[in-house]
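Sequence first, predicted model second:
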Amino acid sequence: MIALVVLWRLRYRLTLRDLAEMFLVRGIVFSHEAVRDWEAKLAPVLADELRKRRARQGRSPQPTMARG
């Protein structure tokens, strides 16, 4: 859940308070300060993982052959 909050913060550029309010509606309570702390800890890890995934998306597991 914490990773989801940080991912939404980075992906959709939501404010700290907006995120806290969005999850409060779903019954999950945390402060905007908590989001800031989570972001500081997890953002570098998430960004690195997303970069790795994007790099893998461009690769094909097997070479493709031209048909003609």
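Yep, that arrived. Numbering: from 1, shown residues only.

Val6: neighbouring residues, count only.
For Val6, the count of nearby residues is 21 (other C-beta atoms under 10 Å). C-beta coordinates here come from the backbone N, C-alpha and C atoms, glycine included.

what's the average pLDDT for the strand or helix carrying it?
Here Val6, judged by DSSP states H and E, is contained in helix 2-12. The average pLDDT within helix 2-12 is 88.

Quick one: low-confidence residue ranges for the chain.
59-68 (pLDDT under 70).

With Val25 as the reference, measure out to the closest residue to Leu16 other than its chain neighbours.
Closest residue to Leu16 apart from its sequence neighbours, by C-beta to C-beta, 6 or more residues apart in numbering: His32 at 3.6 Å. Between His32 and Val25 the distance is 15 Å, computed by C-beta to C-beta, to the nearest Å.

cool, and Trp8?
From Trp8 to Val25 the distance is 14 Å (C-beta to C-beta).

Give me the more crowded residue out of these two.
Of the pair Trp8 and Val25, Trp8 is the one with more neighbours under other C-beta under 10 Å, namely 16 against 7.
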